[in-house]
Structure formats: structure tokens, C-alpha cells
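Engineer: sequence plus the predicted model coming up.
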Amino acid sequence: MPVRNAEDEIARSLYSIWCQTHPNWKIIVVDDASEDGTLAEIERFQSKFSMADDRLIVIANQSQNYALPNILRAVEEAADDDIVCHVDGDDWICDMDALSLINMRYEKSPEIQALWTAQRWGFSNYNISGPLAPDADPYTHPWVSSHMKTFRAGLIRDIKDENFRDESGNYFQRIADQAFYLPVLHKAAGNWFYEPITAYHYSIDMQKDTFHNEDAKFQKREVDFLRIRGFLS
């Protein structure tokens with residue numbers, strides 16, 4: 001769970017995991033040098049539920065790194081066979097059985113290495129996730145592997161670090177979702193699955209210029225570079 005400046009949302013995100021019917025989970029939060037009360041909210045949550053440090057692990061950055069290296073850092077805490085579930089600190093899981101259903105799918109189909117679900121954009125029925133054919137190239141296929149993204153932790157271990165970096169050699173700043181999941185899907189080599197449950201609430205404030213402002217243009221440039229370059233073996 002990468003997070004920055006989400007003091008109003010982080011408790012809801014943590015609650016959404018605490019309330020899951022699947023009991024065997026741990027949360028790894030990487031706070032990206034938040035400048036508000038995010039860390040204090042996490043501490044209150046941890047104290048309220050008397051959560052042990054190995055149940056809720058908090059990594060606090062002293063300077064902002066952006067989401068991608070924080071995700072990669074968190075995965076280091078997982079065992080190879082663990083199922084990694086990526087949840088941003090200002091989003092939340094909106095199905096109490098989501099982890100149980102995801103875990104059941106992995107157990108029943110051990111060949112599956114990566115799985116994603118449907119999601120809702122804000123309080124709407126808008127969903128951009130969908131199935132991906134086993135022979136599809138994730139880098140050229142339209143982005144359908146959005147929230148909620150999960151995978152076996154061992155899948156990411158031997159992916160070259162260069163896959164997560166832009167043309168200047170820096171970690172991608174604004175496209176963490178695709179920057180870490182496209183290489184994971186490439187390594188999964190078709191052993192992926194789309195679970196069509198609406199498991200994830202994507203907390204986005206849709207405005208008229210959401211996809212046309214400078215930030216959106218920067219994201220598009222990063223995505224275009226990533227997809228044209230493809231996977232570095």
C-alpha cells in the first residue's frame with residue numbers, strides 16, 4: 001500500500017482490509033514522506049486494533065520517491081509464494097469477500113500467476129478492467145489489467161530493474177500501475193486471470209480536465225515510452 005498525503009482516506013483503506021473475511025493477510029504501508037497526518041492516522045489504526053508490527057508493517061520515507069519504488073520495496077517483505085495485492089492508500093477494497101475469492105482462485109488454479117478484478121471509478125459503475133487473452137501481448141493490448149492487481153511475489157524477483165525505469169534511467173513517476181504490472185504480466189506468460197467482481201474502489205476526483213491537464217500529458221508520455229520500449233529481458 002503506497003500512500004502520500006491521504007490522512008482523510010487511509011483509515012478507510014486499512015479498514016477495508018481489516019474487515020475482509022479472509023483472515024490470513026498482512027499490510028505493508030510505504031508512506032512517501034507525507035506532509036499531513038497520514039502517519040498519525042496509521043498509528044491510531046494500529047493502536048485501536050492492537051495490531052502487531054508484523055501484521056501492519058509501516059515503512060516511512062524521509063523524502064518522496066513516488067509510488068513505483070515504494071511498491072517494489074514493499075514486495076521485498078513478501079515470500080515468493082505470497083499473493084501480493086496492490087491497494088493505494090487513498091483507495092479501498094469494496095467487497096468484504098474479495099481476498100477470500102482471490103485466494104480461492106489461486107488455490108483452485110495453481111497455474112495462475114497474476115489476477116486482477118473489476119473496479120469502480122469513484123461512486124459509479126464505470127470500469128475499465130476486463131479479460132486478456134492468454135496469447136495477448138500486455139504491452140500492445142489496451143490497458144484492461146487495472147485495479148485490483150494481484151500476483152505471486154516470486155514473479156517479480158528476476159525482472160530486470162531497467163523495466164521499471166524511464167528513458168532517463170529514473171523510476172517512472174506517474175504510471176506506477178502499468179510500470180510494475182506490465183512486466184509482471186509479461187513474466188506470467190498468459191497464466192493470468194480476470195476475476196469480474198467489483199473489488200476495488202478507485203478514489204478519483206473526475207474533473208473536466210482530468211485527462212487533459214499537464215499531469216495527464218506527462219503520464220501519457222511515460223506510458224507511450226514504456227509500451228513502445230516493451231519488456232527488457
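Structural biologist: Nice, thanks for sending it over. Numbering: from 1, shown residues only.

Engineer: can I get the longest strand seen in the chain in CSV, CA atoms only?
Structural biologist: Scanning the chain for the strand with the most residues, using DSSP state E, yields strand 192-202. In CSV, the C-alpha atoms belonging to strand 192-202 read as follows (Å, rounded to 0.1, in the frame of the first residue of the first chain):
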residue,chain,number,x,y,z
TRP,A,192,-3.3,-14.7,-15.7
PHE,A,193,-6.9,-14.4,-14.9
TYR,A,194,-9.6,-11.7,-14.8
GLU,A,195,-12.0,-12.0,-11.9
PRO,A,196,-15.0,-9.9,-12.8
ILE,A,197,-16.0,-9.0,-9.2
THR,A,198,-16.1,-5.3,-8.4
ALA,A,199,-13.5,-5.5,-5.6
TYR,A,200,-11.8,-2.1,-5.8
HIS,A,201,-12.9,1.5,-5.2
TYR,A,202,-10.7,3.8,-7.3
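
Engineer: give me the contacts around it.
Structural biologist: Outside strand 192-202, the residues that touch it by CB atoms under 8 Å, 6 or more residues apart in numbering are 16, 87, 91-95, 98, 101-102, 105, 109, 112-122, 127, 129-132, 134, 144-148, 185. Every C-beta, even on glycine, is put in place using the N, C-alpha and C of the backbone.

Engineer: any of those residues buried? List them.
Structural biologist: Using 16 or more other CB atoms under 10 Å as the burial test, the contacts of strand 192-202 include 16, 87, 91-95, 98, 101-102, 105, 112-121, 127, 129, 132, 145-148, 185 as buried.

Engineer: which residue, other than its chain neighbours, is closest to the residue nearest to the spatial centre of the chain?
Structural biologist: Nearest to the mean C-alpha position of the chain, by CA atoms, centre = their mean, lies residue 86 at 2.9 Å. Spatial nearest neighbour of residue 86, excluding adjacent residues (CB to CB, 6 or more residues apart in numbering): residue 149 at 4.8 Å.

Engineer: for residue 189, see how far away residue 231 is.
Structural biologist: Residue 231 sits at a distance of 11 Å from residue 189 (criterion: CB to CB, to the nearest Å).

Engineer: what of residue 85?
Structural biologist: Residue 85 sits 21 Å away from residue 189, going by CB to CB.

Engineer: look at the two and report which has more neighbours.
Structural biologist: residue 85 (22 against 12; other CB atoms under 10 Å).

Engineer: OK, contacts around residue 158?
Structural biologist: Residues near residue 158 by CB under 8 Å, 6+ apart: residue 187.

Engineer: select the helix or strand of the protein having the lowest average pLDDT value.
Structural biologist: Lowest on mean pLDDT, DSSP states H and E among the helices and strands of the chain sits helix 214-229, with a mean of 94.

Engineer: which neighbouring elements make contact with that one?
Structural biologist: Helix 214-229 sits against helix 176-188, with contacts defined as 3 or more CB pairs under 8 Å, 6 or more residues apart in numbering; DSSP states H and E.

Engineer: pLDDT of the helix it packs on, averaged?
Structural biologist: Mean pLDDT, computed over helix 176-188, is 98.

Engineer: pull the distance from that helix to the chain's centre.
Structural biologist: Centre-to-centre, helix 176-188 and its host chain are 10 Å apart (CA atoms, centre = their mean, to the nearest Å).
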